[in-house]
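*Asks:* Just need the structure, nothing else, for what follows:
(2 chains)
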Amino acid sequence: MSGRYEAQNIEAKWQQRWAESDMDSALNDDSREPYYCLVMFPYPSGNLHMGHVRNYCLGDAVARYKRMKGYNVLHPIGWDAFGLPAENAAIKHNRPPAEWTYANIDQMRVQLKRLGLSYDWSREIATCHPDYYRWEQWMFTRLMQKGLAYQQDAEVNWCDPCHTVLANEQVVDGVCWRCDTPVIRKNLKQWFIRITDYAEELLADLDSLSGWPEKVVGMQRNWIGKSTGAEVSFGIEGSGDTLDIFTTRPDTLMGVTYMAVAAGHPLAKQAAESNPELALFLDECSKISTKEADVETMEKKGMATGFHAIHPISGESVPVWVANFVLMGYGTGAVMSVPAHDVRDYDFARKYGLSIRQVIAPVDGDWDIETAAFTEAGVLINSGQFDGMASADAKTAIIEWLAENGKGAERVQYRLRDWLVSRQRYWGAPIPVIHCADCGAVPVPDDQLPVVLPTDLQPTGGASPLTECESFKHADCPQCGKAAVRELDTFDTFMESSWYMNRYTSPRNGEAMVDAAAMQRWAPVDQYIGGVEHAVLHLLYARFYHKLMRDAGLFTSGQGGDEPFKNLLTQGMVLKDGTKMSKSKGNTVDPKAIIERFGADTARLFTLFAAPPEKELEWHDAGVEGGHRFLKRVWRLLERVDAAADGDEDAAAVKLMRRTIHTTIERVTHAFEHGFAFNVAIAAQMELANALQDFKPAGPGGKAAYREGVEVLAIMLAPFVPHFACEMGEMLGMKQVAVLADWPVADQAALEQDEITLVVQVQGKKRGEITIAKDAGQDEALAAAQADFAIHKWLDGMQIVKVILVPGRLLNIVVKPA
RNA sequence: GCGAGGAUGGCGGAAUUGGUAGACGCGCUGGUUUUAGGUACCAGUACCAUCGGUGUGGGGGUUCGAGUCCCCCUCCUCGUACCA
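*Replies:* Coordinates of the predicted model:
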């Protein structure tokens, strides 16, 4: 009945049929429960790599399973099409990035289709298309009106090779996330979005993300970095100015013996004007801060400014120092130093001979402040009116005192900075702003959107070609009508990827960014799948953007939710020889080669079988062959379906076979419902295949059981190897196409067994097995064990102290010498 | 330093969450088929030994019973880093 397994022919045939029947489109059909399965859309580099394959095979398995379970599934795909690589390629090939990008999209679409992924292609989007980015521009002008988007002169991260600024999140260990070049601090006027206004909500809502890996939640919590404490205002001697600091330990306020400011702090700069030595030191600090990779080994250095601060409570005068460990980018760029209770301040004080005053004592026991700083909470000493208070109470009391005297207040500090969204690059969405000499930065009105990026420009490296594009540059001021110039920076590409999941719900909507009714049906994403490398970047921005869209009135939280992704699966990397596959290492495996040699189904099967989804996957050519071998083995099972029976029906064997079939259904279903352990689900199906192979389908019952097993296998393999499953289903003459078949439900009757095998332990050690009626009691089981020859010898001459029966599992007999 | 996760055969990994450790696959060994290689198939494969014993990084503990729970230690991976 079967012939040879010819993957190429089978896959071509089914891909064509699926395309013709349009079976993968999400329907506007509310009779079925909607399910939104999303994979992180790719950057169209032109070539699919194994990481994509893994990501998309996982997503496809989920989407196909949910369809078979009767859900109305939305499983879209598109292209994160703006970005730097397109510009670099354009420079190299001397062709505009648009051309390169669209050609790559065409190429990658073919590759995705070749894998047999069940996307709703009618919803395909490309972020570089004006129909897409116009809404991002529209949103930005709303944010400007609300004051949530603003332009500011600030010290920002600049990457020279990329010729653009970077967001904080794009600087990893002091180097550019893309090209690994150390970033430079530069003062530039840039566009920001006030993500810090949403810090509290972004933090609080993390608690609702029970379907996210704790690791990712933790990373985001860490990144937002909330800390509570006080803002304290110190006076500056001989000046009306104040030196403001943030501290989490207001209880140690009476222990302040000096102040420390960052090299970039105005006070430091002011002091340097009349102090060349200090100026030199500040210069040194500014160089080190970005280049020094291992901060751990960096020596604490400082220099006195000559300024003195006035303690807000005691009125005492304390010196102000510049210290290289104080960061300008956090808090106010200045700290109060309490060497007795902070290790950094302690080290610094020791090095420069500054005084140390203990103001907190341990609740019980002593502490030798000469030896080390005491950083725990305790009881206040040497603190005047606050003496005797516990740290927690003292915090409140001191904050109250400061507030009453206008010297400070309670304050919450976040590590999160506002999102820098402007980029000095060409291949991105234009920032919809017109700069007018009289009116300032004016948002482009809705009726002039989109601001279309000219697609025929040729970047040459260096500055963006937009800066020389006269036709783009000039525009009339929307407010006063005078000649003005357009903003020439473009958006960070994370802007596009921050809302694409919502756009998929109404991708061709020409009236609005999203359609509230469509959001109601589909959002939030039920299952999002992608790499963990986006834990703080994309996933934080997307959460933020979702809330911005909600607050812009595009949907209510009842319609689209407060969070964009209900469940998140972060897949592991694909490795070869223990390291990440990359072109520079020359250890890549081309998916195309695997597909050509073994077929898409084998590639899919291997990537899902070789490791649990969230773990790294070590590529192994022999393993791929093993996957292919399995498919061939299943294929051969077809030969014996409905074959002439030889011999009589073996009722016990048939019962066992059916039991195996139905426990497999339970096991595979469990994998889909709990954690997507597809490696285990596939292993279970391999076991079923092995059992079928060993089974002798004699008699009508035997034949029926064998056919049932092969059909169940065809159906349950469909989410993993859909072409193979469809072909099998067709050869079996199944009524439904395998990928559209109803997901099987285990027959409880088939799971029942009259007799069970019980493991018998003596003293907790396995000594044998007995076969016994399924409802046998403890006495019966014990009697059977005692009658068993192999077990009996362990009981001989022993007195039974205790017997434990775990129904259906084991019998443990505890004995002692008689 | 801090935070999280992990350590199971030669390898990737299972183990219904306290109940037969090593499912499934790879690799390996032997055999069958084959002119040969590959493919395919059959048998074996944690370790040591003859009964039997030992085994889930190391050490202790709880329990009739521990890979799983508790305490201590070692190592590895990931994240993060002078955050005041």
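
*Asks:* next structured bit after the helix or strand hosting A:Asp526?
*Replies:* Assignment of secondary structure by DSSP states H and E places A:Asp526 within strand A:525-531. Toward the C-terminus, strand A:525-531 is succeeded by helix A:537-551 as the next helix or strand (DSSP H and E).

*Asks:* and that next one, what does it pack onto?
*Replies:* In this structure, helix A:537-551 packs against helix A:130-146, helix A:199-204, helix A:214-224, helix A:494-497, helix A:500-503, helix A:557-560, strand A:565-571, with contacts taken as 3 or more C-beta pairs under 8 Å, 6 or more residues apart in numbering; DSSP states H and E. C-beta: built from backbone N, CA, C; applies to glycine.

*Asks:* May I have the fourth one as CSV, with CA atoms only?
*Replies:* Which is helix A:494-497. Provided in CSV are the C-alpha atoms of helix A:494-497 (Å, rounded to 0.1, in the frame of the first residue of the first chain):
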residue,chain,number,x,y,z
PHE,A,494,12.0,48.7,18.1
MET,A,495,9.1,51.1,17.6
GLU,A,496,7.8,48.9,14.7
SER,A,497,8.1,45.7,16.6
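
*Asks:* Which residues does it contact?
*Replies:* Here helix A:494-497 makes contact (C-beta atoms under 8 Å, 6 or more residues apart in numbering) with A:41, A:80-82, A:127, A:132-133, A:136, A:167, A:421, A:429, A:537-538, A:541-542, A:545.

*Asks:* Phi first, then psi, for the residue nearest the centre of chain A.
*Replies:* Residue closest to the average C-alpha location in chain A (C-alpha atoms, centre = their mean): A:Ala535, at 3.7 Å. A:Ala535 adopts backbone torsions of phi -50, psi -40, taken as degrees, to the nearest 10.

*Asks:* what do you get for A:Ser471?
*Replies:* For A:Ser471, the backbone dihedrals are phi -70, psi -30 (criterion: degrees, to the nearest 10).

*Asks:* near RNA strand B at all, stretch A:405-420?
*Replies:* Yes. Residues of stretch A:405-420 are located near RNA strand B by C-beta under 7 Å from any atom of the strand, namely A:413, A:415.

*Asks:* end to end, how far does that stretch reach?
*Replies:* Using C-alpha to C-alpha, to the nearest Å, the span of stretch A:405-420 from its first residue to its last is 37 Å.

*Asks:* buried residues in it?
*Replies:* Going by neighbour count (16 or more other C-beta atoms under 10 Å), the buried part of stretch A:405-420 is A:407-408, A:411, A:413-414, A:416-420.

*Asks:* of all the residues you listed, which comes closest to RNA strand B?
*Replies:* Ranked by distance to RNA strand B (C-beta to the nearest atom of the strand), the buried residues of stretch A:405-420 are led by A:Gln413 at 6.4 Å.

*Asks:* got a list of what that closest one touches?
*Replies:* Under the criterion of C-beta under 8 Å, 6+ apart, the contact list for A:Gln413 reads A:226-229, A:246, A:330-331.

*Asks:* Stretch A:260-273 and RNA strand B, are they touching?
*Replies:* Yes. Under the criterion of C-beta under 7 Å from any atom of the strand, stretch A:260-273 makes contact with RNA strand B via A:Ala262.

*Asks:* Repeat that for stretch A:805-818.
*Replies:* Yes. Contact between stretch A:805-818 and RNA strand B is present through A:806, A:809-810, A:812, A:814 (criterion: C-beta under 7 Å from any atom of the strand).

*Asks:* contacts for that stretch?
*Replies:* Contact with stretch A:805-818 is made by A:756, A:758-764, A:770, A:774, A:777-778, A:781-782, A:785, A:794-795, A:797-804, as judged by C-beta under 8 Å, 6+ apart.

*Asks:* In helices only, show me the residues you listed.
*Replies:* Using DSSP state H, the members of the contacts of stretch A:805-818 that fall in helices are A:778, A:781-782, A:785, A:794-795.

*Asks:* what's the following helix or strand after the least confident helix or strand in chain A by mean pLDDT?
*Replies:* Least confident helix or strand, chain A: helix A:276-291 with a mean of 76, by mean pLDDT, DSSP states H and E. The first helix or strand that comes after helix A:276-291 along the chain, using DSSP H and E, is strand A:302-310.

*Asks:* What is the subsequent helix or strand relative to that following strand?
*Replies:* Once the chain leaves strand A:302-310, the next helix or strand it forms, by DSSP H and E, is strand A:317-323.

*Asks:* List the buried residues in that following strand.
*Replies:* Under the neighbour-count criterion of 16+ other C-beta under 10 Å, strand A:317-323 has A:318-323 buried.

*Asks:* Give me the contact list for that strand.
*Replies:* Applying C-beta under 8 Å, 6+ apart, the contact partners of strand A:317-323 are A:236-237, A:243, A:256-263, A:265, A:267-268, A:271, A:278, A:281-282, A:285, A:300-311, A:337, A:348, A:352, A:354.

*Asks:* Pull out the buried members of the residues of stretch A:805-818 next to RNA strand B.
*Replies:* A:810, A:812.

*Asks:* ok, which pair from the residues of stretch A:805-818 next to RNA strand B is furthest apart?
*Replies:* The span of the residues of stretch A:805-818 next to RNA strand B, defined through C-beta to C-beta, is set by A:Arg809 and A:Val814 at 16.5 Å.

*Asks:* so where's chain A uncertain?
*Replies:* Counting by pLDDT under 70, chain A contains low-confidence ranges at A:1-2, A:287-298, A:645-646.

*Asks:* Quickly note the distance from A:Gly709 to A:Ala750.
*Replies:* Separation of A:Gly709 from A:Ala750 (C-beta to C-beta, to the nearest Å): 11 Å.

*Asks:* Give me the distance between the two termini of stretch A:529-538.
*Replies:* The straight-line separation of the ends of stretch A:529-538 (C-alpha to C-alpha) is 13 Å.

*Asks:* before we move on, the earlier item: so can I have CSV of the ones in helices among the contacts of stretch A:805-818 showing distance to A:Phe678?
*Replies:* Compiled in CSV, the ones in helices among the contacts of stretch A:805-818 are given as follows (distance: C-beta to C-beta, whole Å):
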residue, distance to A:Phe678
A:Gln778, 40
A:Ala781, 38
A:Leu782, 42
A:Ala785, 40
A:Trp794, 42
A:Leu795, 45
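
*Asks:* mind putting these in CSV, neighbour count and distance to A:Leu58 included?
*Replies:* Written out in CSV, the entries for the ones in helices among the contacts of stretch A:805-818 read as follows (neighbours: other C-beta atoms under 10 Å; distance: C-beta to C-beta, whole Å):
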residue, neighbour count, distance to A:Leu58
A:Gln778, 12, 46
A:Ala781, 22, 44
A:Leu782, 19, 49
A:Ala785, 25, 47
A:Trp794, 19, 49
A:Leu795, 18, 52
